[in-house]
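Chemist: Sequence first, predicted model second:
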Amino acid sequence: MKGVITGGNVKVLGRAVHSLSRIGDELYLEPTDGGLSLCSVNSSRSAFASFLFAPLFFQLYQLGEPQPFRCKVLMKSFLGVFRSLPSLEKTVGKCLILLKPSANRLVLQLHCKYGVTKTHNLAFQECERLQAVFDVQHCASSLCAPARVLAEAVVHFPQTLAEVTLGAGPGGKISLQNYVEDEMELKKTMVTELWLAEDEFQRVAVTPGSSITFCLKEFRGLLTFAEASNLPLTIHYDVPGRPVIFTLEDAVLEVHLVLATLLDPKSDSQPPLANGLPLPSDDLPDDLESYMVAMEAEEEPEVPPSPTFPLHTPCPAQSDPEEEEEEEEEEEGAVPGTPPHKKFRSLFFGSVLTPGEQRLAPTQEVLAEDSDNDS
């Protein structure tokens with residue numbers, strides 16, 4: 001694969017990498033006929049982001065062999081090439097991306113002023129396609145607003161805040177409030193709540209009284225990119241426990257950020273639905289239900305893709321009180337922006353189903369252990 005990016009698009013690519021660096025430690029690349037896809041997922045499988053740069057984004061875009069080809073590189077290495085965004089805009093005139101499967105190298109070449117050329121050779125690993133399984137058509141609520149409006153709203157929350165709650169109030173008003181889990185802590189914590197009027201949004205179609213809680217760190221990263229790109233941000237969400245999907249769309253760019261949301265412990269409703277089907281539940285005392293599947297895409301006769309069935313991980317053995325105390329200590333030391341694994345439902349990951357590719361069977365092998373065992 002060979003791609004050449006010129007002018008201000010080099011900085012756009014740099015901003016995208018900075019936004020993805022807030023998600024995970026690895027960057028997944030996949031050149032396709034539809035453009036170059038850059039994705040990242042966090043270690044707890046509760047956040048996923050993807051940037052698809054269309055061929056028109058490039059001055060030159062050529063697919064090589066073999067196809068399809070997917071690989072991943074260390075995020076730290078890729079980010080180092082675009083570390084200084086102001087420098088990219090002032091000094092870099094062209095960026096060459098060259099993917100060499102035979103040499104196991106990803107070459108990034110920056111052509112700067114005064115004839116200076118900086119060449120970076122990054123090692124990569126071949127990998128399977130990893131994609132969050134979501135469908136905005138099944139989300140009961142959606143809203144669209146200029147990124148500037150939401151960026152000015154979240155600036156009132158401290159950088160150390162881990163989660164924020166978005167809610168729909170009367171008259172189409174939308175609220176943002178810092179989330180406090182413990183009711184006892186609520187009495188000692190300053191609560192910040194902002195209300196945005198309906199006319200601040202380009203579109204509001206939400207269920208009255210609905211609310212979701214999600215991580216703020218990853219959301220801030222996307223807002224920074226959206227505001228700099230002057231793109232409106234669309235939010236699709238459903239009931240608590242179902243993923244919230246943030247989207248940005250442009251003629252040459254398509255962005256998705258998928259975040260797990262906090263389950264409502266006070267809710268007595270049925271388990272949330274996935275593509276119209278109830279998710280499997282277990283008898284665990286917490287809300288943990290983690291699913292992950294990685295599959296190879298195989299050629300089959302053309303059939304319409306079937307609904308994706310989330311796979312249920314086996315129930316772990318009953319833990320003793322000492323182990324539960326250790327888990328509580330680990331959760332107290334969690335990094336802000338990375339939710340404690342027992343609080344959020346993990347997203348469902350699998351191959352992207354496109355026309356002509358295989359259907360997802362409910363008996364696919366689960367390749368990741370239950371996240372209760374993650375360190």
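Modeler: It's in. Residues are numbered from 1 along each chain as shown.
Chemist: Now do the contacts for L248.
Modeler: Contacts for L248 (Cβ atoms under 8 Å, 6 or more residues apart in numbering) come out as 222, 225-226, 229, 231-234, 254-255. From N, CA and C alone the C-beta is placed, and that goes for glycine too.
Chemist: one more time with 10 Å
Modeler: Each residue near L248 by Cβ atoms under 10 Å, 6 or more residues apart in numbering is listed here: 51, 147, 222, 225-226, 229, 231-234, 254-257.
Chemist: what stretches of the stretch 151-300 of the chain score poorly on pLDDT?
Modeler: Where the stretch 151-300 of the chain drops to pLDDT under 70, the residues are 182-188, 265-300.
Chemist: coming back round to it: hmm, which two among the contacts of L248 are most spread apart?
Modeler: F51 and P232 (16.6 Å; Cβ to Cβ).
Chemist: Pull the number of nearby residues for A251.
Modeler: Number of residues near A251 (other Cβ atoms under 10 Å) recorded here: 8.
Chemist: surely T32 meets L63?
Modeler: Yes. With contact defined as Cβ atoms under 10 Å, T32 counts as touching L63 (7.7 Å).
Chemist: and for these two, which residues touch both?
Modeler: Common neighbours of T32 and L63 are listed as 1, 55, 69 (criterion: Cβ under 10 Å, 6+ apart).
Chemist: these two touch, right, the first one and S37?
Modeler: Spelled out, that is M1. No. Using Cβ under 10 Å, M1 makes no contact with S37, being 11.3 Å away.
Chemist: Mind listing the shared neighbours of these two?
Modeler: 29-31.
Chemist: got TSV for the residues you listed, with neighbour count, distance to T117 and pLDDT too?
Modeler: What follows is the shared contacts of M1 and S37, written out as TSV (neighbours: other Cβ atoms under 10 Å; distance: Cβ to Cβ, whole Å; pLDDT from 0 to 100):
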residue	neighbour count	distance to T117	pLDDT
L29	20	22	94
E30	24	27	93
P31	24	23	93
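Chemist: any idea which of these is the one closest to F78?
Modeler: L29 (8.8 Å).
Chemist: Spatially nearest residue to the closest one, not counting backbone neighbours?
Modeler: Excluding its sequence neighbours, the residue lying closest to L29 (Cβ to Cβ, 6 or more residues apart in numbering) is C71, at 5.6 Å.
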